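In: Below: sequence and its predicted model.
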Amino acid sequence: MMGRDDRPSISVGMPVYNGEPYVESALRSVLDQTFDDFELIVCDNASTDRTSEIVRDLASSDRRIRYSCNERNLGAAGNYNHAFALARAPYFRWMNADDLIEPELHALCLQALKSNPEAVLAYGHTRIIDADGAVTADYNDNLHLDDPRPSVRFRQFFERVGLANVIFGLMRRDALARTSLMGNGRMPAADIRMMAELTLLGRFIALEPTLFYRRMHAEASSWDRTDSTRQATFWGNTSSDFVIPHWRLYAGYLYRALQYRLAPLERARVISHVFHLMYWGRGKLATDLVGLVRPRQGTSS
């Protein structure tokens with residue numbers, strides 16, 4: 001085992017489940033980085049296809065690949081968190097097993113973070129690709145959150161966030177470790193929650209070049225966020241519906257606002273904005289409560 005001084009500069013966590021169609025191209029996309037002081041941690045979520053064979057074959061000729069196979073499917077949340085737990089470097093990023101990146105992503109994002117000590121995340125522009133790898137759209141993540149005030153970054157995040165592409169940028173591991181990460185698989189859009197928490201800890205830097213290619217295809221497990229059953233299966237590997245997810249989401253934001261070291265006025269502003277979000281999300285909060293009552297009514301009849 002490497003000692004602390006032998007740690008790589010960057011850890012890349014690649015959670016994968018039955019990634020046979022795209023995992024090799026995703027792996028090679030990482031291995032072709034111009035900045036090569038990294039480890040690539042592949043966390044196989046008990047795949048039943050040729051994923052293991054493909055990864056092991058590449059790992060046999062490249063020591064930067066570390067392969068870990070779960071005995072059972074942990075759900076996406078558990079597998080993403082497992083990849084993070086295995087990381088040893090001070091900088092971390094996730095990499096989906098069906099996406100692609102430009103060779104300069106590591107070098108440019110690392111330079112940006114080293115040049116901006118108050119930043120916790122750096123990312124490049126995104127292009128959407130289809131199942132065949134053809135570019136279908138340019139996507140502006142619009143999450144350059146450079147205001148020194150955490151409350152402003154937090155508010156701007158919710159005003160701008162769409163797809164969760166920025167989690168595939170590069171982040172400071174110590175800051176990321178202070179968030180909820182991907183949670184416990186009991187609520188949807190855990191990636192959105194994690195990024196919102198991260199805005200309270202530092203700035204987000206958007207770089208000009210296109211560095212990330214997000215593959216959007218119907219087979220992706222997280223494709224339809226409106227399908228609660230599919231989301232529950234994706235995040236937690238369970239068919240049970242989420243229980244009061246929006247109440248738990250907002251409670252988590254309030255907890256972080258109280259836990260993180262924020263100036264009193266900044267803390268008050270963040271808390272105020274959480275209550276503002278709850279007001280605008282009151283319909284979803286009401287639906288959560290109805291969902292608690294209906295199963296009981298059905299059981300008693």
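Out: That came in fine, so what should we check first?

In: Could you list the low-confidence segments of the stretch 1-150 of the chain?
Out: Within the stretch 1-150 of the chain, the stretches with pLDDT under 70 are 1-5.

In: Okay, helices next: where are they in it?
Out: With DSSP state H, counting those that start in this stretch as the criterion, the stretch 1-150 of the chain has helices at 23-31, 51-59, 75-86, 105-115, 150-160.

In: Identify whichever of those lies nearest to residue 244.
Out: Closest to residue 244 of these is helix 75-86 (Cβ to Cβ; 17.1 Å). Using the backbone N, CA and C atoms, a C-beta is placed for each residue, glycine as well.

In: chain center to that closest one: distance?
Out: 10 Å (Cα atoms, centre = their mean, to the nearest Å).

In: list the helices and strands it packs on?
Out: strand 10-16, strand 38-44, strand 65-69, strand 91-94, helix 228-236 (3 or more Cβ pairs under 8 Å, 6 or more residues apart in numbering; DSSP states H and E).

In: re earlier: got JSON lines for the helices of the stretch 1-150 of the chain, with distance to residue 274 and mean neighbour count too?
Out: Shown next, in JSON lines, are the helices of the stretch 1-150 of the chain (distance: least, Cβ to Cβ, whole Å; neighbours: other Cβ atoms under 10 Å):
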{"stretch": "helix 23-31", "distance to residue 274": "36", "mean neighbour count": "19"}
{"stretch": "helix 51-59", "distance to residue 274": "40", "mean neighbour count": "17"}
{"stretch": "helix 75-86", "distance to residue 274": "22", "mean neighbour count": "21"}
{"stretch": "helix 105-115", "distance to residue 274": "28", "mean neighbour count": "19"}
{"stretch": "helix 150-160", "distance to residue 274": "9", "mean neighbour count": "19"}
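
In: and the ones you listed as TSV, adding distance to residue 286?
Out: Formatted as TSV, the helices of the stretch 1-150 of the chain follow (distance: least, Cβ to Cβ, whole Å):
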stretch	distance to residue 286
helix 23-31	41
helix 51-59	42
helix 75-86	26
helix 105-115	41
helix 150-160	20
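
In: of those helices, which approaches residue 176 most closely?
Out: Across these, closest to residue 176 is helix 75-86 (Cβ to Cβ), at 7.0 Å.

In: Bridging across strands, which residues link to the residue nearest to residue 91 when sequence neighbours are not counted?
Out: Leaving aside its sequence neighbours, residue 91 sits nearest to residue 10 (Cβ to Cβ, 6 or more residues apart in numbering; 4.8 Å). Residues in a beta bridge with residue 10, per DSSP bridges, are residue 38, residue 91.

In: Contacts only, for residue 10.
Out: Residue 10 makes contact with 35, 37-39, 89, 91-93, 106, 110, 170, according to Cβ atoms under 8 Å, 6 or more residues apart in numbering.

In: got it, and residue 197?
Out: Residues in contact with residue 197 (Cβ under 8 Å, 6+ apart) are 178-180, 252-253, 256.

In: next helix or strand past the strand or helix carrying it?
Out: With elements taken from DSSP states H and E, the one containing residue 197 is helix 190-199. Scanning forward in sequence from helix 190-199 by DSSP H and E, the next helix or strand is strand 203-215.
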